[in-house]
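In: Dropping the sequence and predicted coords here.
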Amino acid sequence: MRVNITLEHKESGERLYLTSKNKRNTPDKLELKKYSPKLKKHVIFKEVK
């Protein structure tokens, strides 16, 4: 079952990216390295509700 999730960078508080994941294959919180325009570099974005 695929669900939509929002990715957030904790330090800057940015919630820029939306993606989906398969809950059965990836039960843990997703972490992806994405570009942050506020910081002007690639940082780790973590899954939030």
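Out: Perfect, thanks for sending it. Residues are numbered from 1 along each chain as shown.
In: what's the distance between F45 and M1?
Out: Taken as CB to CB, to the nearest Å, the spacing of F45 relative to M1 amounts to 22 Å. Glycine gets a C-beta too; all of them are placed from N, C-alpha and C.
In: Tell me how many other residues crowd F45.
Out: F45: 23 surrounding residues under other CB atoms under 10 Å.
In: Would you list the phi and psi of K40?
Out: phi 60, psi 40 (degrees, to the nearest 10).
In: ok, what's across the strand from L7?
Out: Y17, E47 (DSSP bridges).
In: Is it correct that it is in contact with L18?
Out: Yes. In this structure, L7 is within contact of L18 by CB atoms under 8 Å, at 7.5 Å.
In: out of the two, which sits in the more crowded spot?
Out: Here L7 and L18 are compared on neighbour count by other CB under 10 Å; more neighbours surround L7, at 19 against 9.
In: Next, the contact list for the more buried one, please.
Out: 15-19, 30, 32, 34, 45-48 (CB atoms under 8 Å, 6 or more residues apart in numbering).
In: among those residues, who's most crowded?
Out: Per-residue neighbour counts (other CB under 10 Å) across the contacts of L7 peak at F45, which has 23 neighbours.
In: these two touch, right, it and S12?
Out: No. Shown here, F45 and S12 do not form a contact pair, counting by CB under 8 Å, at 10.0 Å.
In: what touches both of those two?
Out: When CB under 8 Å, 6+ apart defines a contact, the residues bordering F45 and S12 alike are S36.
In: now the strands for this structure?
Out: For the chain, strands defined by DSSP state E occupy the ranges 2-9, 14-22, 31-36, 41-48.
In: Export the ones you listed as TSV, with columns for mean pLDDT.
Out: Rendered in TSV, the data for the strands of the chain read as follows (pLDDT from 0 to 100):
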stretch	mean pLDDT
strand 2-9	96
strand 14-22	95
strand 31-36	96
strand 41-48	96
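In: tell me, what residue is most central in the protein?
Out: The centre of the chain sits closest to L7, judged by CA atoms, centre = their mean, with a distance of 2.5 Å.
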